[in-house]
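Colleague: Have a look at this fold, sequence not included:
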């Protein structure tokens, strides 16, 4: 009388340390890499050395398992970004290559953590995991894989948003630089108009040139104000403007004086004033200063356009690398699922073969054999038992033992206690009293000799009675 209800064997106490201790270890080891990184600057320069941060990930995964390894990976990623990657003390990333290395570091940390967790039972020698524990492990791997895939997609969204914001910011500065250059060109053109209109008036005595001169002078003042406003944040421009503004003011005054001399003293006097060279000298100085400011803006423009390009490259790298990471995590989850399913299918196949072998063995025994579970319900019976009781195995499965196996004392005709309960209570083998008769389903009787013994698993837990 055998039971088939599963009873979990006692599991050995876990040797894994407290999760909080593992997390503390992750923090300590990661922070310990920072002074080591500083010590290596003399040999490596300012470029990030990510290989150092793989060391705490490996140790944390070894000591604390999957969660500790993943926590250390996240911590390493944040600290490396903030303290190691240029620009330091910022979560911004300047170079697309640095970002690619940073993602590779994260991928390596995840792979180390997941693979170590997968190998952990073998490293501990724990090869007898229950089906329930294996199922839980499979679910955990699936959850981890898809969770990190979602994290990657979230990271793509966040970093893409930040990159786009940076692109917009850099694009605004590029537009600002173009605007400054445009106003500098207009300023120079207006100063040329001021001078040429005064010269034309001297040559022609046409009052229209006086009006044009006055308009050009107003335009020059407006453009100068625009330039001063647009370059207020640039120290080099401010320094040049301190020189440029007085020069333009002096040029405007000189050209007005030329017109006044033409009007008062005639063309010859005005020409003599022009030929003295003061106007040309002022014009050349103004031209040189405006050219210098345009050169500064040109360099700024090149740098800002490069920043726009880098921001676009980072956004592209984020999308590509994040997508690859997401596919990698999902792929790993699917690989682990497939592996666990294969293991489970092999275990189920082995179980079926064992069941078939047991059925063949039971039906080959010349004595009647019945098995019950721990509740006393029939789980198995052989051919001889079917013949003696009048019940087929299909009919008897799940029925109480007392309904199928009816026994009485031959002398008193009173019911005899079936020893299943005694075996389950004591864990020992018990037999029937002498002169026991089995009453079959059709009412026929036969004398029997009987014994009941416990069925135990490898952990000595009682699984049933036979």
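Modeller: Nice, I can see it. All values derive from a computational prediction rather than experimental measurement. Numbers count the residues shown, from 1 in each chain.

Colleague: Mind picking out the helix or strand in the protein with the poorest mean pLDDT?
Modeller: Least confident helix or strand of the chain, by mean pLDDT, DSSP states H and E, is helix 41-44 with a mean of 61.

Colleague: following that helix, which helix or strand comes up?
Modeller: helix 54-64 (DSSP states H and E).

Colleague: List of residues touching that following helix?
Modeller: Applying Cβ atoms under 8 Å, 6 or more residues apart in numbering, the contact partners of helix 54-64 are 16-17, 19, 21-23, 25-26, 29-30, 32-33, 68-69, 71-73, 76, 105, 108-109, 112-113, 116-117. C-beta coordinates here come from the backbone N, C-alpha and C atoms, glycine included.

Colleague: Going through the residues you listed, which ones are buried?
Modeller: Buried subset of the contacts of helix 54-64 (neighbour count, 16 or more other Cβ atoms under 10 Å): 22-23, 25-26, 29-30, 33, 68-69, 71-73, 76, 105, 108-109, 112-113, 116-117.

Colleague: Where do the helices of the stretch 151-300 of the chain begin and end?
Modeller: Assignment of helices within the stretch 151-300 of the chain using DSSP state H, counting those that start in this stretch yields the ranges 207-230, 235-265, 267-275, 278-364.

Colleague: buried sites along the first one?
Modeller: In this case it means helix 207-230. For helix 207-230, a neighbour-count test (16+ other Cβ under 10 Å) marks 209-210, 212-213, 216-217, 219-220, 223-224, 226-227, 230 as buried.

Colleague: before we move on, back to that, weakest of the helices of the stretch 151-300 of the chain in terms of mean pLDDT?
Modeller: Mean pLDDT is lowest for helix 278-364 out of the helices of the stretch 151-300 of the chain, coming in at a mean of 75.

Colleague: Could you tell me the average pLDDT over the helix or strand just after it, please?
Modeller: Downstream of helix 278-364, the first helix or strand assigned by DSSP H and E is strand 370-372. In this model, strand 370-372 carries a mean pLDDT of 85.

Colleague: Name every sheet partner of the following helix or strand past strand 370-372 and say whether each one runs parallel or antiparallel.
Modeller: Beyond strand 370-372 on the C-terminal side, the first helix or strand identified by DSSP H and E is strand 378-381. Sheet pairing for strand 378-381, assigned by DSSP bridges, gives strand 370-372 (antiparallel).

Colleague: Just give me how far stretch 287-304 sits from the chain centre.
Modeller: Taking Cα atoms, centre = their mean, to the nearest Å, the mean C-alpha location of stretch 287-304 is offset from the chain mean by 43 Å.

Colleague: Please spell out which residues along that stretch are buried.
Modeller: 289, 290, 293, 294, 296, 297, 300, 301, 304.

Colleague: These into TSV, with extra columns for distance to residue 247?
Modeller: Below are the buried residues of stretch 287-304 laid out as TSV (distance: Cβ to Cβ, whole Å):
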residue	distance to residue 247
289	7
290	10
293	13
294	16
296	18
297	19
300	23
301	25
304	29
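
Colleague: And the furthest pair within the residues you listed?
Modeller: Of all pairs drawn from the buried residues of stretch 287-304, the greatest distance, 22.5 Å, lies between 289 and 304 (Cβ to Cβ).

Colleague: distance from the centroid: which residue in this structure tops it?
Modeller: With distances taken from the mean C-alpha point of the chain and given as Cα atoms, centre = their mean, the most distant residue is residue 265, at 83.3 Å.

Colleague: Tell me the spacing between it and residue 57.
Modeller: Distance from residue 265 to residue 57, counting by Cβ to Cβ, to the nearest Å: 89 Å.

Colleague: Surely residue 406 touches residue 442?
Modeller: No. In this structure, residue 406 is not within contact of residue 442 by Cβ atoms under 8 Å, at 11.7 Å.

Colleague: quick one: which of these two has more around it?
Modeller: More neighbours surround residue 406 than the other of residue 406 and residue 442, with 18 against 7 (other Cβ atoms under 10 Å).

Colleague: Please name the nearest non-neighbouring residue to the more buried one.
Modeller: Spatially, and ignoring its direct neighbours in sequence, residue 406 is nearest to residue 439 (4.5 Å; Cβ to Cβ, 6 or more residues apart in numbering).

Colleague: which SSE is residue 407 in?
Modeller: Here residue 407 sits within strand 406-409, counting by DSSP H and E.

Colleague: Go through that strand and flag the buried ones.
Modeller: In strand 406-409, the ones that count as buried by 16+ other Cβ under 10 Å are 406, 407, 408.

Colleague: Kindly reformat those as CSV containing pLDDT and distance to residue 452.
Modeller: Listed next are the buried residues of strand 406-409 as CSV, based on pLDDT from 0 to 100; distance: Cβ to Cβ, whole Å:
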residue, pLDDT, distance to residue 452
406, 85, 15
407, 85, 12
408, 83, 17
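
Colleague: Distance to residue 202 for those - can I get that in JSON lines?
Modeller: Listed next are the buried residues of strand 406-409 as JSON lines, based on distance: Cβ to Cβ, whole Å:
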{"residue": "406", "distance to residue 202": "139"}
{"residue": "407", "distance to residue 202": "141"}
{"residue": "408", "distance to residue 202": "146"}
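
Colleague: between these, which is closest to residue 392?
Modeller: For these, the nearest to residue 392 is residue 406 (16.2 Å; Cβ to Cβ).

Colleague: who touches that closest one in this structure?
Modeller: Taking Cβ under 8 Å, 6+ apart, we find residue 406 in contact with 415, 438, 439.

Colleague: Name the residues that touch stretch 89-97?
Modeller: Stretch 89-97 has contacts (Cβ under 8 Å, 6+ apart) with 78, 81-83, 85-87, 99, 102, 162, 166, 310, 313-314, 316-317.

Colleague: Among the residues you listed, which one has the most neighbours?
Modeller: Comparing the contacts of stretch 89-97 by number of neighbours (other Cβ under 10 Å), residue 314 comes first, having 25 neighbours.

Colleague: how about residue 80, what does it touch?
Modeller: By Cβ under 8 Å, 6+ apart, residue 80 lies in contact with 48, 50, 53, 102, 105.

Colleague: List just the nearest of these to residue 179.
Modeller: Taking Cβ to Cβ as the measure, residue 179 lies nearest residue 102 of the contacts of residue 80, at 35.6 Å.
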